[in-house]
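Novice: Pasting the sequence and the predicted coordinates here, then a few questions.
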Amino acid sequence: MKKGIVIFLVTGFILIFSMCRKPYLFPDEKYDEQLSGGSQTSFDFTSQAFSILFSGMSNYEEDLHNLGDAAFDHSFVAAPAPINSGLGPAYNNVSCVSCHHNDGIGVPTTGEAQSSLLMRISLPGKDIDGGPLPVPGYGTQLQDKAMFGKSPECTVNISYTYQTYSFPDGETYELRSPLYTLSNLYLPIAGGYLLSPRLAPPVFGLGLLEAIPANDIIANADEYDANGDGISGKPNMVWNPETNTTSLGRFGLKCNTATLLTQVAAAYNNDIGITSHLFPLETIHGQTQMDDLDDDAELSDEILLAATFYVQTLQVPARRNISDQQVIKGKQLFMEGKCETCHKQTMTTGVNVAFKALSNQRLHPFSDLLLHDMGPGLADNRPDFDANGNEWRTSPLWGVGLFEIVNFPAYYLHDGRARTLTEAIMWHDGEAAQSVNFVKNLSKADRNALLKFVKSL
Amino acid sequence: MKKILLLSSCAIVLLFTDCRRKSTNPPVDTTVNELDVLTDFANVLVNPNYQDIQAKAALLNAAAQTLASSPTPANLVLAQNAWRAVRVPWEQCEAYLFGPVEDFNYDPATDSWPVNTVELDSVLNSTNALTLADIDALPFTLKGYHPAEYLLFGVGASKTAGELTPRQLQYLVSLTQSLYNSTTALRNSWDVSIPGNFTETLITAGAGSTRYATRKEAFVAITSAMANICHEVANGKMEDPLAAHDSTLVESQYAHNATEDFKNNMIGIQNAYMCRYNSTGISLHDLVASYDLSFDNTIQSQINTAIGSVAAIDPDYGKAIFTQVGQIQNAQAAINTLLGTFNQLTNFMQTTIKD
């Protein structure tokens, strides 16, 4: 009898502890490496690869996405107009798609209709919310186009100097260093201003990045390099105008925006001159060129939310050629060179019972969504909330191999200075110096393998 | 024994059923050369289509000059007809919006909409110069097809020759010259005599093309573009004004040309599938039919249905959204059916094109 009781108790304990154990996780090899966006991965590799709607959407969700898709394409015009009214008075471009061509990366020029490079500006110091300090008369972004009868704030000039470098095996590559200057300023400007160029990035997969729990991103941070691996990883805590609180920034090239709604509303406001409930004032409010129209907010909540939903529900293209031996070798080198320390392969979205398309998705963004010191060559020397002048967000590498297909010719890095992936890699410095040295010393065959791996993303 | 008989009967039925399924779509002609399809797509279809746009843009510019020198009602009608004429090949080429037209923004550069009428009127009311260089420097929403349409037709297609001001005419002449230059650049981008042309990029797919690592990628680009224009027409251009009950959302509204635009988008799809523009080449139709006659018949039939259903809509689409909801929905359904079929066609290319 005693023996029976003991067996019963032991069995009971085993059962109880088995049931308490965390859910079983598949080992990595059980997941399909191609599925960069989890179940929201597309297999369209045409020039429309970044424009694919989430699967499994309801009719309502699909309609909302389509409404946002149309809004993303809408060209704004001067007010008063029956539709798309409210452009400017000063602006950078007339529509979202004018910069995010095919929902992809832009063209690193300024002042032209298809230009996708804008220039942030500020004075040293911080504003009341901890963000960049506006320049009197110019704010925090230069609008280089204006309505007829108004003056663009300035002309942004870009000139490049070219320098040729060699790998130890003799193969050469060329890096072009941009110099940004301002001319035709519409009024005198305060001295000591700081500039930061920003090229329009792709907009696919953003809803999935937004769905990664903030704590999971912060868990990878190592701001003071406690583990001594030479890599920091710093979260940018930014002002969130939706909640009027400080939140983790994860969008923008310096992680200066917390949510997609803010990102979209800010882009409408700063880039196109369109006001919304979140940004009810024109960017040139208080400046001499302000219009006197009483038409704010120019963007309805319906369209703002639809445009936000649109960028939240664009699938991520699948990886290609993952079984190719050169690609496999390249991935091994990517890991060996510690590129993955920042370009983190795998992140998982949180549980979302209200919108299962975003829920519990195992992603391969190849980004930790944190700030890293990229060295003096890439530095803009302009702080943006907690990001200092040397720091940039780790760009997600998913889809980077398709830039040449979606946006030909392709450009890379925060201001499009790199014209090839090799150039983009070789511009890395700062925390990435050890990885670049690793790449520099690879054989040509291994460099090609590494590139082939990156192109498979 | 009964069981054996039953099994034997089932086996025979299955055998014959299987044979019949196969015999429905026998390979008709397995000699269709994929390279020929790509080559003719570029040479028989795209290049002549772009040449036609350029030629008709030249005629529009000439008509604008004639109108400027003699702004009579007859010359206004001639210029309006020249505008409608250039829209035909332009809308047809929208069935294959890939390559330079997409890469270098020829589409938004010439076909941005809506027109920025407030600014356009401001420019006209100013004393600013209106030379070609001045017009070239304006944003996309102030040049291209639709500002020309606004000047030539006015709101509600009500423009009269007497309303044309000298500055409007001057703007129109420079604007149509600028448009002609854009169409020339587009045409040159595929011209085989110009280095780096896209014709070469397409036909060398899988054999050194700077864009298409495989021939399959080129075919998928073509069929995806055909699917994309179906989506844009049915679920964007037609749906947006219909859903909002708002005629101000109708494109080409000044000339009441929207329905004609939609129809030409569909005809462009047919041209692309059949590889025909003035003449006929080896086509996607030939390729598909060589594998699956039934599928080819379905595609051709659905294209014809889409064209016919769009043609049934009132030419004034801004009116049709209130008076012909049923006809519009029929057309949308037909185009969306075609969209689904083109998605199947893309899958077909993925599995059929071997290199």
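Specialist: Looks like it arrived, so ask away. Residues are numbered from 1 along each chain as shown, chains lettered A, B, ... in the order given.

Novice: Give me every residue in chain A lying close to chain B.
Specialist: Neighbours of chain B within chain A, by C-beta under 8 Å from any C-beta of the partner chain: A:44-48, A:66, A:69-70, A:75, A:77-84, A:87, A:94, A:97-98, A:101-102, A:113-114, A:145, A:147-149, A:404-405, A:407-409. All C-beta spots, glycine's among them, are computed from the backbone N, C-alpha and C.

Novice: Tell me which stretches of the stretch 151-300 of chain B form helices.
Specialist: B:166-189, B:198-203, B:215-232, B:239-244, B:258-274, B:284-291, B:293-311 (DSSP state H, counting those that start in this stretch).

Novice: Out of the residues of chain A next to chain B, which sit inside helices?
Specialist: Secondary structure from DSSP state H places A:N66, A:D69, A:A70, A:V97, A:S98, A:E404, A:I405 of those in helices.

Novice: For the residues you listed, pick the one with the most neighbours.
Specialist: A:S98 (26 neighbours; other C-beta atoms under 10 Å in any protein chain shown).

Novice: Point out the residues in the stretch 151-300 of chain B that sit beside chain A.
Specialist: B:211, B:217, B:220-221, B:224-225, B:228, B:235-236, B:239-240, B:246, B:248-249.

Novice: just to revisit the earlier point, as CSV, the ones in helices among the residues of chain A next to chain B with distance to A:S300 and pLDDT would be great.
Specialist: Listed next are these as CSV, based on distance: C-beta to C-beta, whole Å; pLDDT from 0 to 100:
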residue, distance to A:S300, pLDDT
A:N66, 16, 92
A:D69, 16, 94
A:A70, 13, 92
A:V97, 19, 95
A:S98, 21, 93
A:E404, 37, 94
A:I405, 35, 93
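
Novice: Next one: the most centrally placed residue in chain B from chain A, what distance?
Specialist: Central residue of chain B (C-alpha atoms, centre = their mean): B:E94, 2.5 Å from the mean position. Using C-beta to the nearest C-beta, to the nearest Å, B:E94 is found at 14 Å from chain A.

Novice: Spell out the secondary structure type for that residue.
Specialist: Assigned with DSSP: H, G, I helix; E, B strand; the rest coil, B:E94 falls in the helix class.

Novice: Test my guess that it contacts B:M266.
Specialist: No. If you go by C-beta atoms under 8 Å, B:E94 and B:M266 don't touch, sitting 10.3 Å apart.

Novice: which residues does B:V233 contact?
Specialist: Residues near B:V233 by C-beta atoms under 8 Å, 6 or more residues apart in numbering or on different chains: B:F262, B:N265, B:M266, B:I335.

Novice: scratch that, A:E153
Specialist: Counting by C-beta under 8 Å, 6+ apart, A:E153 touches A:A90, A:Y138, A:L142, A:Q143, A:D144, A:A146, A:L185, A:Y186, A:I284.

Novice: A:L314 now?
Specialist: Residues near A:L314 by C-beta under 8 Å, 6+ apart: A:F50, A:S51, A:I52, A:L53, A:F54, A:D103, A:V203, A:F204, A:G205, A:L206, A:G207.

Novice: Go again with 10 Å.
Specialist: A:37, A:40, A:42, A:50-54, A:65, A:68-69, A:72, A:103, A:202-208 (C-beta atoms under 10 Å, 6 or more residues apart in numbering or on different chains).

Novice: Show me which residues of the stretch 1-150 of chain B sit near chain A.
Specialist: Residues of the stretch 1-150 of chain B lying close to chain A (C-beta under 10 Å from any C-beta of the partner chain) are B:97-100, B:102-105, B:108-109, B:112-123, B:125-126, B:128, B:137-143.

Novice: Okay, and which of those residues map to helices?
Specialist: Counted as lying in helices by DSSP H, out of the residues of the stretch 1-150 of chain B next to chain A, are B:100, B:102-103, B:108-109, B:117-123, B:125.

Novice: rewinding a little: dump the helices of the stretch 151-300 of chain B into TSV; add mean pLDDT and mean neighbour count as well.
Specialist: Formatted as TSV, the helices of the stretch 151-300 of chain B follow (pLDDT from 0 to 100; neighbours: other C-beta atoms under 10 Å in any protein chain shown):
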stretch	mean pLDDT	mean neighbour count
helix B:166-189	98	21
helix B:198-203	97	21
helix B:215-232	96	23
helix B:239-244	94	18
helix B:258-274	98	24
helix B:284-291	96	21
helix B:293-311	98	19
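
Novice: out of these, which comes closest to A:P280?
Specialist: Smallest distance to A:P280 across those (C-beta to C-beta): 24.5 Å, for helix B:239-244.

Novice: For chain B, name the helix or strand with the lowest mean pLDDT.
Specialist: The helix or strand of chain B with the lowest confidence, counting by mean pLDDT, DSSP states H and E, is helix B:2-24 at a mean of 40.

Novice: Quick check: next helix or strand after that helix?
Specialist: helix B:34-40 (DSSP states H and E).

Novice: Tell me the buried residues in that following helix?
Specialist: Buried positions in helix B:34-40, judged by neighbour count with 16 or more other C-beta atoms under 10 Å in any protein chain shown: B:E34, B:D36, B:V37, B:L38, B:T39, B:D40.

Novice: Also stretch A:299-315?
Specialist: Residues of stretch A:299-315 classed as buried: A:299, A:303-315 (neighbour count, 16+ other C-beta under 10 Å).

Novice: Out of the contacts of B:V233, which is nearest to chain A?
Specialist: The closest of those to chain A turns out to be B:I335 (C-beta to the nearest C-beta; 14.3 Å).

Novice: The helix or strand that contains A:P178: which residues count as buried?
Specialist: Element membership for A:P178, per DSSP H and E: strand A:172-183. Residues of strand A:172-183 classed as buried by neighbour count (16+ other C-beta under 10 Å): A:L175, A:Y180, A:L182.

Novice: Now do the strands in the stretch 151-300 of chain A.
Specialist: A:155-166, A:172-183, A:194-199, A:236-240, A:245-249 (DSSP state E, counting those that start in this stretch).

Novice: for those strands, which one sits closest to B:I303?
Specialist: Among the strands of the stretch 151-300 of chain A, strand A:194-199 comes nearest to B:I303, with 40.4 Å by C-beta to C-beta.

Novice: Which neighbouring elements make contact with that closest one?
Specialist: Using 3 or more C-beta pairs under 10 Å, 6 or more residues apart in numbering or on different chains; DSSP states H and E, the elements in contact with strand A:194-199 are strand A:117-126, strand A:132-133, strand A:141-142, strand A:155-166, strand A:172-183.

Novice: That strand: partners in the sheet, and parallel or antiparallel?
Specialist: strand A:117-126 (antiparallel) (DSSP bridges).

Novice: ok, and for the partner strand, which residues are buried?
Specialist: Quick answer for strand A:117-126 (16+ other C-beta under 10 Å): A:L117, A:L118, A:M119, A:R120, A:I121, A:S122, A:L123.
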